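Asks: the amino acid sequence is not available; the structure is as follows:
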């Protein structure tokens, strides 16, 4: 009697197919994921802020003037000025010198943005900036 040898090779073709399908799915879905609150940023031609080693703390103001702090615990939770002050002061206390940027909707009143900036200064933020999108050339 002759014994048959078992073939112990792994067929990797199905795994490659699955990997390529997942790659296509992630390539399509990645641009669709929007970070944070939907805000229509005003256009401005200005120099970019110098890049720091740490990510800045982002405060968003939507069209209605509602405040959001873009951190893990308060990502999509509307905040009052007092709650913003408390949260930012705790974060600044933990990492002093952290850059804070404001993502304000273009329709928000200037007074609201200035109030938020004053509140951030009272919370201990020293480096405060504004986010805008570059002017589109059409």
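Replies: It's in. Just so you know, these numbers come straight off a predicted model, no measurement behind them. Numbers count the residues shown, from 1 in each chain.

Asks: where does pLDDT dip in the protein?
Replies: Within the chain, the stretches with pLDDT under 70 are 1-2, 33-53, 136-138.

Asks: helices of that one, residue ranges please.
Replies: Under the criterion DSSP state H, helices of the chain are mapped to 13-29, 81-94, 110-122.

Asks: out of the ones you listed, the one nearest residue 57 is which?
Replies: Judged by C-beta to C-beta, the one of the helices of the chain that comes nearest to residue 57 is helix 81-94, at 6.1 Å. Where C-beta positions appear, they are placed from N, C-alpha and C, glycine not excepted.

Asks: so which elements touch the closest one?
Replies: In this structure, helix 81-94 packs against strand 57-61, strand 67-69, helix 110-122, with contacts taken as 3 or more C-beta pairs under 8 Å, 6 or more residues apart in numbering; DSSP states H and E.

Asks: okay, the ones you listed in CSV with distance to residue 23 next?
Replies: Below are the helices and strands packed on helix 81-94 laid out as CSV (distance: least, C-beta to C-beta, whole Å):
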stretch, distance to residue 23
strand 57-61, 30
strand 67-69, 33
helix 110-122, 41
